[in-house]
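Enquirer: Provided below for reference: sequence and predicted model.
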Amino acid sequence: MAKFGKWIGGGLGWALGGPIGALFGFTIGSVIDKAVDGEIDPSQRARGYSSKPGDFGASLLVLVAAVMKADGKVLKVELDFVKKFFNKQFGSERTNQHMLLLRDLLKQDIPLEDVCLQIKTYTMYPARLQLLHLLFGVASADGHVDVNELNVISKIASLLGIQTKDYESIKAMLFKEVDGDYKILEITKGATESEIKKAYRKMAIKYHPDKVAHMGDEYKVSAKEKFQKVQEAYENIKKSRGIK
């Protein structure tokens with residue numbers, strides 16, 4: 001039987017949700033084609049999933065797929081990390097849909113430039129920083145970040161319009177680096193006491209959980225982790241330099 005579901009789904013998805021919608025439409029269409037041909041159980045279809053241009057969950061899922069594909073292998077610990085996160089945010093039924101879609105997204109070529117342009121257009125900067133933090137979480141779920149994964153995350157950050165200092169700050173929160181505490185506060189080791197205090201106040205405002213409160217409790221928890229990292233970095237610097 002001719003398989004047109006994926007092409008119809010992709011076309012409709014693009015019309016309704018841009019490149020991200022097209023990816024989901026193509027994926028869901030492929031699942032429908034397989035169900036029609038008896039290749040999979042029809043009950044495994046990702047029913048009822050739709051993507052709007054500013055859908056944060058859909059954006060995250062596509063970028064997660066891009067990062068997981070980067071090192072040429074998909075690990076169970078990475079899938080478990082993603083499943084746990086989405087389960088807390090969306091509930092078990094929605095998470096099952098997400099994981100079915102992720103499985104098929106991992107088989108697709110993802111047009112990062114188009115996808116990131118859509119996200120940049122429809123998503124506020126604090127939310128984009130949150131995306132970056134979560135991508136680092138996926139990449140480091142197995143305790144090691146492959147250089148290819150890091151390169152993809154760096155490319156995503158650039159395409160999302162994330163400033164280099166913000167990228168380095170979030171990266172330093174998750175990986176031990178030389179002068180990491182200073183990188184978290186987006187300053188150099190030669191910063192003065194007043195510059196350090198000013199940087200801390202600025203970063204505390206930037207990463208305050210209230211910045212992403214509209215996105216849901218799970219995102220707020222993740223934002224709180226960044227906020228705590230800023231506080232820890234500040235305390236470490238104060239201690240090492242005898243600042244009161």
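Expert: Sure thing, it's come through. Residues are numbered from 1 along each chain as shown.

Enquirer: just for the chain, where's the confidence low?
Expert: 1-19, 21-55, 89, 214-220 (pLDDT under 70).

Enquirer: ranges for the helices of it?
Expert: Under the criterion DSSP state H, the chain contains helices at 5-36, 56-69, 76-90, 92-105, 112-122, 125-139, 147-159, 164-174, 180-184, 193-206, 217-241.

Enquirer: Quick check: closest non-adjacent residue to K165.
Expert: Residue nearest to K165 in three dimensions, not counting chain neighbours: E186, with 4.4 Å by C-beta to C-beta, 6 or more residues apart in numbering. (C-beta placed from N, C-alpha, C; glycine too.)

Enquirer: and the gap between that neighbour and L117?
Expert: 26 Å (C-beta to C-beta, to the nearest Å).

Enquirer: Which one of the two is surrounded by more residues?
Expert: Legend: neighbour count by other C-beta atoms under 10 Å for E186 and L117, higher for E186 (19 against 16).

Enquirer: State the phi and psi torsions of the more buried one.
Expert: Backbone torsions of E186, given as degrees, to the nearest 10, read phi 60, psi 40.

Enquirer: Same check on G143?
Expert: For G143, the backbone dihedrals are phi 80, psi 0 (criterion: degrees, to the nearest 10).

Enquirer: distance of it from F81?
Expert: G143 sits 11 Å away from F81, going by C-beta to C-beta.

Enquirer: Check K107 too.
Expert: Distance, K107 to F81, by C-beta to C-beta: 20 Å.

Enquirer: Which one's more surrounded, these two?
Expert: Taking neighbours as other C-beta under 10 Å, K107 and F81 compare with F81 leading, 20 against 10.

Enquirer: so how far is N87 from the more buried one?
Expert: Using C-beta to C-beta, F81 is found at 11 Å from N87.

Enquirer: Contact partners for the residue nearest the centre of the chain?
Expert: Nearest residue to the geometric centre of the chain (C-alpha atoms, centre = their mean): L131, 3.5 Å. When contacts are counted by C-beta atoms under 8 Å, 6 or more residues apart in numbering, L131 touches F56, S59, L60, L63, I119, T123, L160.
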